[in-house]
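Asks: no sequence on hand, only this structure:
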């Protein structure tokens, strides 16, 4: 909705959301194993987690799926109430959105055909492929001496650039790499090192702390011993991926 006097977007309060009974949540839907489509069904670790947390909040979910780089922008325009799409918590992003408690920890894996490319230093003079709007793009642009950073709308496009020798390395989430190597054979790719480690969280409109607090309470219950988180994590990753 929009303020009558200012014309600016006003985020729905948690009370308004509970009164409606439905929370509008946006994700990408093309980032396996976190959020992706199995046929016409939206699936993934983050989708299942959000469904479980929303149930604890007494809410149903209306899902929206769209390009990754538009997700956080839409929060400021009040197009949805929350985003859950593997966003790493960064200072830059925190200027425009309010992050919730993290639901897993990961990091930027260096994925390449060249086993010698293991660290940021090794990537000097190389061409890097990353997804537009991701924290991996920010990290790649900060690598000293990197030759070129090519950004793509979707993560699989960045992967394809390395496989077709249009880039030397792909930087993406370490769990995405695990999933790719498990489901795709003979890619010629291997994870050789970690560029950085990050905490991953959902986000709400800047200053909508009431909604963030309500979500965090339900998430905390879900992540408590016997709450369901560990079983879900084991299902998708074979390990507990919460931040240690």
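Replies: Everything's here; your move. Values in this document were obtained by computation on a predicted structure and should not be read as measured data.
Asks: how about the helix or strand of the chain with the lowest mean pLDDT: buried residues?
Replies: Across the helices and strands of the chain, mean pLDDT, DSSP states H and E gives its lowest value to helix 174-183, namely a mean of 89. Neighbour counts over helix 174-183 (16 or more other Cβ atoms under 10 Å) mark 174-180 as buried. C-betas here are computed from N, CA, C, even on glycine.
Asks: from those residues, which single one is nearest residue 116?
Replies: If you rank those by distance to residue 116 using Cβ to Cβ, residue 177 comes first, at 17.8 Å.
Asks: got a list of what that closest one touches?
Replies: By Cβ atoms under 8 Å, 6 or more residues apart in numbering, the residues touching residue 177 are 109, 111, 189, 191.
Asks: can you tell me how far it is from residue 134?
Replies: 14 Å (Cβ to Cβ, to the nearest Å).
Asks: which residues sit against the helix ranked longest in the chain?
Replies: As assigned by DSSP state H, the longest helix anywhere in the chain is helix 209-223. Residues from elsewhere that reach helix 209-223 (Cβ under 8 Å, 6+ apart): 11-15, 17, 49, 52-54, 56-57, 81-82, 98-101, 103, 202, 204, 227-229, 242.
Asks: same check, this time on stretch 122-131
Replies: 68, 110, 116-117, 136-137, 140, 143-155, 157-159, 161-162, 166-172.
Asks: just the ones of the contacts of helix 209-223 in strands?
Replies: Members of the contacts of helix 209-223 lying in strands (criterion: DSSP state E): 82, 98-101, 103, 202, 204.
Asks: max pairwise distance over the residues you listed: which two?
Replies: Spanning the widest gap among these are 98 and 103, at 15.1 Å by Cβ to Cβ.
Asks: of those two, which one has the most company?
Replies: residue 103 (26 against 18; other Cβ atoms under 10 Å).
Asks: and the gap between the more buried one and residue 121?
Replies: 32 Å.
Asks: drop anything exposed from the contacts of helix 209-223.
Replies: Buried among those (16+ other Cβ under 10 Å): 11-12, 14, 17, 49, 52-54, 56-57, 81-82, 98-101, 103, 202, 204, 227-229.
Asks: shaky segments in this structure?
Replies: 1-9 (pLDDT under 70).
Asks: would you list every one of the helices in it?
Replies: Using DSSP H, helices in the chain cover 14-20, 45-56, 68-76, 91-94, 135-141, 155-163, 174-183, 209-223, 229-237.
Asks: in a markdown table: the ones you listed, plus distance to residue 196.
Replies: A markdown table is the format used below for the helices of the chain (distance: least, Cβ to Cβ, whole Å):
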| stretch | distance to residue 196 |
| --- | --- |
| helix 14-20 | 33 |
| helix 45-56 | 20 |
| helix 68-76 | 18 |
| helix 91-94 | 14 |
| helix 135-141 | 6 |
| helix 155-163 | 17 |
| helix 174-183 | 11 |
| helix 209-223 | 23 |
| helix 229-237 | 19 |
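Asks: which one of these lies nearest to residue 197?
Replies: Among those, helix 174-183 comes nearest to residue 197, with 9.0 Å by Cβ to Cβ.
Asks: my guess is residue 31 contacts residue 155. True?
Replies: Yes. Residue 31 is in contact with residue 155 according to Cβ atoms under 8 Å; the separation is 6.2 Å.
Asks: find the residues that touch each one of those two.
Replies: In contact with both residue 31 and residue 155: residue 176, using Cβ under 8 Å, 6+ apart.
Asks: grab the nearest non-local neighbour of the most centrally placed residue in the chain.
Replies: The chain has residue 86 as the residue nearest its centroid, 1.2 Å off, counting by Cα atoms, centre = their mean. Leaving aside its sequence neighbours, residue 86 sits nearest to residue 34 (Cβ to Cβ, 6 or more residues apart in numbering; 5.0 Å).
Asks: ditto for residue 148
Replies: Spatial nearest neighbour of residue 148, excluding adjacent residues (Cβ to Cβ, 6+ apart): residue 127 at 4.6 Å.
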